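Chemist: Take a look and give me a structure for this.
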Amino acid sequence: MPLSMMTVRLKIIFLKSVWQLRKLFFLSVSAFYLVFVPVVVSAQENSISPYSRLFKLRGDLHIHSKTASFDSICLSPGCRSFSASEQFTEAYQAGLDFAAVTEHLRHPLPPYKKASEQQWHKVIASAQRYRPEDMITFYGYEWGSSMQSCYWLDADKKDYGHRVVILPPGESRYCLADQCRTPDELARFMAKVGAVGITAHPWRTLIVDPKFNEQKRDSLPAFLSRNYFDYRGNGQDDVWIGAEVGPDFYSISGQWALSPICEQPKLRLDTQTVTVPEWEDALANGKWLAAISSSDRHFDFIPFGLRTTVVFAKERSHQGIMEALRARRTLAAYMMPFNVELYSGSAMFGDTVDKSKMLSIKLDADSGSVEEMQLNRPGETIRSWKGDNAIGLFRIPAQDIPSGPVWVHIIGTEVDDNLHLQRTTITSPIWLK
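Modeler: Down below sits the predicted model:
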């Protein structure tokens, strides 16, 4: 064989070998990405979402008024108080789809005065003035187990915190802490009348000795955190639907002389309210909890729309919202909610999914509006996307994630001018099994 022909054949064999190696390398890398890296899918490839057939409704489930709440009459200059009717009007003008006035029907201090039946029925009448096509209005009350203002500081005293009770239309009965003394007793009442309950503003308090040196930080401070979810299961008929979560609702920080009211020595307190850690702890302990965000609005300091809950309802009605709350199809938002979805096939927020399935996360957001998106489970961030890399549709094998609840937490770049908190959205979990 001539040398020139042999050279050509050797070149062909060499090129074929290189091509086979490149194919093998490509397949290996592709397999790696399929197993270990979330797959980004364009919206055109999978435009079918189980949320697309539902009503996306945004509202506020924790509002007080001077009509029946003892602490909603403001006498300070520049502070405005609202009746129940005025609170509903403000919520409607803010563009909310639903709102609930939930009154303090009993004063926490002696002589523990209750709101009158006349006051209570004014609240109910205020809610009945709206048509569902305009705004869906609820009424209810905030139950508090402690009749002393400083029970939350004393770990030896039994205190269950505060609970928001949302009553169904037409129901006027209520059960306060003198009759329903524990969350379990309250759950039985709610199941009887068709109500749902929300754990309001759980606290996590850092208690530090006054001489504690923050610069050195050579000793560990102690957390005082109550079990705000001290009830059987999820309450009778699963009525304990969720808890308020999000950025700190408000904080107490600094040197506080608490002895006049709490019979405590001077303490340095740093507190978190509406804490994600409390919610996570409860989820890790088996509670089936939705993410809820509400304003706890008493006066005009907090505008409507700053803290809201989004529900995905089968119909735009009182019954539709109550069903969505019971199903835990919600997300909690600080500032404008992000348009985010977490699903697996037809399973949505609140549902249980077999681990053999794929999880889908879909975020539709403006460029530059996202700082970080996380897929979380209790105590762990499973995946994290930064900036515009978080925008799109992602598929993740559920088999790689431990069983239990997973949810999406999005932190935005926008900051509220008043409280200086970042735009935040937290979805209710999907449960993997």
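Chemist: What distance do you get for residue 275 to residue 427?
Modeler: Residue 275 is 17 Å from residue 427, where distance means CB to CB, to the nearest Å. Yep, even glycine has a C-beta here, placed from its N, CA and C like the rest.
Chemist: what about these two, which has more around it?
Modeler: A direct count of neighbours by other CB atoms under 10 Å for residue 275 and residue 427 places residue 427 higher, at 29 against 23.
Chemist: who's in contact with the more buried one?
Modeler: 291, 330-332, 340, 342, 349, 407-409 (CB atoms under 8 Å, 6 or more residues apart in numbering).
Chemist: out of those, which one sits closest to residue 121?
Modeler: Nearest to residue 121 out of these is residue 330 (CB to CB; 29.6 Å).
Chemist: Relative to residue 403, how far out is that closest one?
Modeler: From residue 330 to residue 403 the distance is 22 Å (CB to CB).
Chemist: So the two - more neighbours on which side?
Modeler: Neighbours per residue (other CB under 10 Å) separate residue 330 from residue 403, with residue 330 holding more: 26 against 11.
Chemist: partner residues bridging the more buried one?
Modeler: residue 311 (DSSP bridges).
Chemist: wait, doesn't it sit right on residue 324?
Modeler: Yes - between residue 330 and residue 324 there is a contact under CB atoms under 8 Å: 6.9 Å.
Chemist: Tell me how many other residues surround the nearest residue to residue 415 once chain neighbours are set aside.
Modeler: What sits nearest to residue 415 in space, not counting adjacent residues and going by CB to CB, 6 or more residues apart in numbering, is residue 422, at 5.5 Å. If you count neighbours by other CB under 10 Å, residue 422 ends up with 17.
Chemist: give me every residue that touches residue 422.
Modeler: By CB under 8 Å, 6+ apart, the contact list for residue 422 reads 247, 334, 371, 411-416.
Chemist: how far away is it from residue 335?
Modeler: For residue 422, the distance to residue 335 equals 8 Å [CB to CB].
Chemist: Pull up the overlap in contacts between those two.
Modeler: 412, 414, 416.
Chemist: where along the stretch 251-400 of the chain do the strands fall?
Modeler: 253-256, 267-273, 290-292, 307-313, 330-334, 339-343, 352-353, 358-364, 370-377, 380-386, 392-397 (DSSP state E, counting those that start in this stretch).
Chemist: which one of those lies closest to residue 168?
Modeler: Among those, strand 307-313 comes nearest to residue 168, with 14.7 Å by CB to CB.
Chemist: List the contacts of the spatially most central residue of the chain.
Modeler: The chain has residue 291 as the residue nearest its centroid, 2.7 Å off, counting by CA atoms, centre = their mean. Going by CB under 8 Å, 6+ apart, residue 291 touches 242-243, 245, 279, 309, 330-332, 407, 426-429.
Chemist: Which strand residues bridge it?
Modeler: Taking DSSP bridges as the rule, residue 291 bridges to residue 243.
Chemist: For it, give its distance to residue 404.
Modeler: 16 Å.
Chemist: Same question for residue 129.
Modeler: 44 Å.
Chemist: again, but for residue 106
Modeler: In this view, residue 106 and residue 404 are 38 Å apart by CB to CB.
Chemist: of the two, who's got more company?
Modeler: Neighbours of residue 106 and residue 404, each counted by other CB under 10 Å, are more numerous for residue 106; the result is 19 against 14.
Chemist: contacting residues around the more buried one?
Modeler: Residues counted as contacts of residue 106 (CB under 8 Å, 6+ apart) are 112-115, 144, 176-178.
Chemist: Is there a quick ChimeraX command that grabs whichever of these are buried?
Modeler: For the buried members of the contacts of residue 106, the matching ChimeraX selection, counting by 16 or more other CB atoms under 10 Å, is:
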select :114,115,144,176,177
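Chemist: which of the contacts of residue 106 lies closest to residue 164?
Modeler: Relative to residue 164, the closest of those is residue 144; by CB to CB it sits at 10.5 Å.
Chemist: contacting residues for the nearest residue to the closest one once chain neighbours are set aside?
Modeler: Counting by CB to CB, 6+ apart, residue 162 is the residue found nearest to residue 144 once chain neighbours are left out, at 4.8 Å. Neighbouring residues of residue 162 by CB under 8 Å, 6+ apart: 142-144, 199-201.
Chemist: how big is the angle separating the helix or strand containing residue 241 from strand 330-334?
Modeler: Assigned by DSSP states H and E, residue 241 falls within strand 240-244. Counting by axes from the mean of the first three to the mean of the last three CA atoms, to 10 degrees, strand 240-244 lies at 20 degrees to strand 330-334.
Chemist: and residue 111, that one's in a strand?
Modeler: No - under DSSP: H, G, I helix; E, B strand; the rest coil, residue 111 falls outside any strand and is assigned coil.
Chemist: What are the boundaries of the helices in the stretch 51-200 of the chain?
Modeler: For the stretch 51-200 of the chain, helices defined by DSSP state H, counting those that start in this stretch occupy the ranges 84-93, 117-127, 183-193.
Chemist: the domain parsing of this structure - what is it?
Modeler: Split into domains by automatic domain parsing, the chain comes to 35-51+338-433, 55-328.
Chemist: Mind telling me which of those the model trusts least?
Modeler: Among those, domain 55-328 carries the lowest mean pLDDT, a mean of 87.
Chemist: start to end distance for that domain?
Modeler: Using CA to CA, to the nearest Å, the end-to-end distance of domain 55-328 comes to 14 Å.
Chemist: cool, and stretch 225-242?
Modeler: 18 Å.
Chemist: coming back round to it: for the strands of the stretch 251-400 of the chain, which one ends up most surrounded?
Modeler: Among the strands of the stretch 251-400 of the chain, strand 290-292 has the highest mean neighbour count (mean count of other CB atoms under 10 Å), at a mean of 28.
Chemist: how much does the lengthiest strand in the chain deviate in direction from strand 370-377?
Modeler: Of all segments of type strand in the chain, defined using DSSP state E, the longest is strand 404-415. For strand 404-415 against strand 370-377, the angle by the same axes, to 10 degrees is 170 degrees.
Chemist: residues contacting residue 357?
Modeler: Residue 357 neighbours (CB under 8 Å, 6+ apart): 344-345, 347, 398.
Chemist: would you list the strands of the stretch 251-400 of the chain in CSV and tack on distance to residue 83?
Modeler: Shown next, in CSV, are the strands of the stretch 251-400 of the chain (distance: least, CB to CB, whole Å):
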stretch, distance to residue 83
strand 253-256, 33
strand 267-273, 26
strand 290-292, 25
strand 307-313, 21
strand 330-334, 27
strand 339-343, 34
strand 352-353, 43
strand 358-364, 39
strand 370-377, 39
strand 380-386, 44
strand 392-397, 46
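Chemist: Fine by me, thanks again.
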